[in-house]
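Chemist: Quick one, what's the 3D model for this:
(chains A and B)
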Amino acid sequence: MSGRDSVRLVARREIVERGTEKAFVVSTIVSLVVIACVAVLPNLLGIGGKDEYTVAVVDRSMQPIADAAVRAADAFDADVTLGGDDPDATLAGGGVRAQEKPDDKLVEILQAANARVRSAAALRDAGLGDREAADALSPPALRVTTVEPVNEAAEERGGFAFIAVLLLYGQLIGMGYFVAMGVVEEKSSRVVELLLSTLRPRHLLTGKIVGLGLLGLGQLLLLGVVGLAAAGVSGALDVDGDVLVAAGLALVWFTVGYAFYAAAFACAASLVSRQEDLQSVISPLSIVLMVGFFVSFGVAADPDGTLAKVTSYIPPVAPMTMPPRIALGEASTVEIVGALAVTLGATALLVPLAARIYSGAVLRTGGTIKLRDAWRAAQA
Amino acid sequence: MLELDGLSRRYGDLVALDDLTFAVAPGRMRGFVGPNGAGKTTAMRIVLGVLEPDAGRVRWNGADVDAAIRARFGYMPEERGLYQKMRVRDQLVYFARLHGMGAVGAAAAADRWIERLGLGDRAGDRVEALSLGNQQRVQLAIALVHAPEVLVLDEPFSGLDPVGVDVMSGVLRERADAGVPVMFSSHQLELVERLCEDVAIVNQGKLVASGPVAELRERGRGGVEQVRVRVEGDGDGRWLAAVPGAELAETGPRGLLVRLPPGAHPDALLDAARAAGTVTHFSLERPTLAELFRAAVAA
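Modeler: Down below sits the predicted model:
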């Protein structure tokens, strides 16, 4: 049997056995529900859209101020409606009354409306006509120009980038753990000796990584499709070509990042023989992943900054810092290709090293094996 | 013919195998015995390609063993190992396929061995739900599922109850009778003596005795004939005086153990015994494998 056949058989076993595990199925369903909720809920709960206020008028003389507030609200990215049983503010006695401290924004809107109404009255008293008064109060707005093009969809893209990073991090660490647990399972149950009497260590390793990778990629694809569909339908995100490209590239980054981390997790896990000892060899890798996760928030906040540019070329964190930059439209094609090439190159270097350590360590049991001993024991 | 030719292997300063050479012939069972740490497991791992030898080679029918040939070997490691969470039948099919069988053939073979080893009602269970005895049966089934041309088993009898021992012996005998060379290690020397045509004894990585069991036992008496004889009513064997050169080696409830000088024929002893009374037992004693083992290992 060829190496490729061995790899395919091992990969298929991983997909079937892990994919039908109750824990895996349940976690997939829970993730799907969570992501659908995250995509739909903000709209249902009214989070993220315009602020909405209700204003009641008790003092009839203040009606013009209320009307002006309704007209001015749009400039504050808010909606003001009059009336209501439980108004956010009431215009009465020449001032604003409220049950509790009203939103600063609402107060600003009302102050602006008040200023406008009183200024108009003052201008009319000074002998200006209605038209002249209105012109004086509505000077042409200052024009805002930027050096960088303005991305109108930046805010909703921010949410998209955040979810993408969250998913990537969760998926990388989750599948990395699956690989590590699988390696230790074979070691602790000693089934590995039987396996190695029929195939080479690197074929076993490759099959395991490929199988779990396909499983992880499929799960991520499912989550992505459901999440984007839910966000698109609910109107939380305008799912255009850019978004789809960014989502597709996030899958590419998962694949590359997974290859990197899976090799590292497998190599670390092969050093121990019991699940109880796994945590100690895995935690350095988990920490690196977590650092990448947190750095990616800084990157998302300033996707064009130095941190963003530098971390895109650091292989262990690039899979988490590049996707938000792409989602926010702040990574050039050259940067994307360059960062991918660097991470792929690092992975290509890491995999044979990891495979050699795995080969040297996987048949040795008892305690935690030193990296150097595993390296020497390997039959290169 | 499976040949182990000059196998050597070191672990650091420890010599695990030192120029180990012997062969396992088709249709014959070869017991592989030696004290703990003698190198048996190392040798078997090398045969299966799990370990590389520092020197030496393994040949099957004259050809150096490679991965393609090894796929036709069956192996039971000393450290039993199964996927605990995998179902019995799935596991058998998986290993059959790793040995190169097609999907249909693998499924049929798995079902056949499940029936043969009495695992029929457990085929869909996860291995972890099985008793230890049944897990051993699954382990044996995995060694056999791909109809191997060679069987190598490391301590196949350890941990088996008497019924399990019978099942295992029966299956191994059947495979050997079908022309498969069978090699297994064991500390149960009576079992090896009973089952195996050939034996190889190793000590500290070196082969100290090898050959057909019967021949080794015959040779082991060193020309001296020992006879176990029991005569009714006789306790002390005073009648032995009538046999020239006969020497009383041991008395006990099983009768007398008499040592005859080289060249002496047991007939004279039997005649003397019959003259002394009714003979209830008369047998030519050969050293047991256990005795040969102790002598070989002590040397």
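Chemist: Going by C-alpha atoms from here, please, whenever you check contacts or count neighbours.
Modeler: Fine.
Chemist: for the chain, what spans make up the helices?
Modeler: No chain was given, so I picked chain A. A:3-19, A:22-45, A:63-72, A:104-125, A:130-137, A:154-188, A:191-196, A:201-234, A:241-269, A:275-301, A:306-311, A:318-327, A:333-361, A:371-377 (DSSP state H).
Chemist: that's the other chain; I wanted chain B
Modeler: B:40-47, B:67-70, B:88-98, B:103-116, B:132-144, B:162-177, B:189-195, B:213-220, B:266-276, B:289-298.
Chemist: Turn those helices into TSV, including mean neighbour count, distance to residue A:146 and mean pLDDT.
Modeler: Below are the helices of chain B laid out as TSV (neighbours: other Cα atoms under 10 Å in any protein chain shown; distance: least, Cα to Cα, whole Å; pLDDT from 0 to 100):
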stretch	mean neighbour count	distance to residue A:146	mean pLDDT
helix B:40-47	24	71	93
helix B:67-70	17	67	88
helix B:88-98	24	63	95
helix B:103-116	17	65	95
helix B:132-144	22	71	91
helix B:162-177	16	83	93
helix B:189-195	17	90	93
helix B:213-220	17	95	88
helix B:266-276	16	118	88
helix B:289-298	16	91	88
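Chemist: right, so of those, which gets closest to residue A:62?
Modeler: For those, proximity to residue A:62 was assessed by Cα to Cα; helix B:88-98 is nearest, at 80.8 Å.
Chemist: how far does the closest one sit from the chain's center?
Modeler: 27 Å (Cα atoms, centre = their mean, to the nearest Å).
Chemist: Out of the helices of chain A, flag the one nearest residue A:53.
Modeler: Closest to residue A:53 of those, according to Cα to Cα: helix A:104-125, at 7.2 Å.
Chemist: And the pLDDT for the residue in chain B positioned nearest to chain A?
Modeler: Nearest to chain A, among the residues of chain B, is residue B:81, at 3.8 Å (Cα to the nearest Cα). Among the per-residue scores, residue B:81 shows a pLDDT of 87.
Chemist: swap in the one 5 residues further on?
Modeler: On the pLDDT scale, residue B:86 is placed at 94.
Chemist: In contact with it, which residues?
Modeler: Each residue near residue B:86 by Cα atoms under 8 Å, 6 or more residues apart in numbering or on different chains is listed here: A:17, B:126, B:127.
Chemist: now the residues you listed as CSV including pLDDT, distance to residue B:134 and neighbour count?
Modeler: Converted to CSV, those look like this (pLDDT from 0 to 100; distance: Cα to Cα, whole Å; neighbours: other Cα atoms under 10 Å in any protein chain shown):
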residue, pLDDT, distance to residue B:134, neighbour count
A:17, 94, 22, 15
B:126, 94, 12, 17
B:127, 93, 9, 22
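Chemist: need the residues you listed in TSV with distance to residue A:124, can you?
Modeler: Converted to TSV, the contacts of residue B:86 look like this (distance: Cα to Cα, whole Å):
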residue	distance to residue A:124
A:17	82
B:126	90
B:127	93
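Chemist: Can you get me a residue count around residue A:138?
Modeler: By other Cα atoms under 10 Å in any protein chain shown, 10 other residues sit near residue A:138.
Chemist: and what of residue B:159?
Modeler: Counted with other Cα under 10 Å, residue B:159 comes out at 12.
Chemist: Could you list the domains of the chain?
Modeler: No chain specified, so I'll use chain A. According to automatic domain parsing, chain A comprises the domains A:3-38+A:154-377, A:52-137.
Chemist: that's the wrong chain, I wanted chain B
Modeler: If you go by automatic domain parsing, chain B breaks into B:2-218, B:221-298.
Chemist: which residues are contacting stretch A:361-376?
Modeler: Under Cα under 8 Å, 6+ apart, the answer for stretch A:361-376 is A:187, A:192-193, A:270-273, A:277, A:356-360, A:377-378.
Chemist: ok, which of those also contact chain B?
Modeler: Residues of these in contact with chain B (Cα under 8 Å from any Cα of the partner chain): A:192, A:193.
Chemist: Just the buried ones from the contacts of stretch A:361-376, in ChimeraX syntax?
Modeler: To isolate the buried members of those in ChimeraX, using 16 or more other Cα atoms under 10 Å in any protein chain shown:
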select /A:187,192,193,270,271,272,273,356,357,358,359,360,377
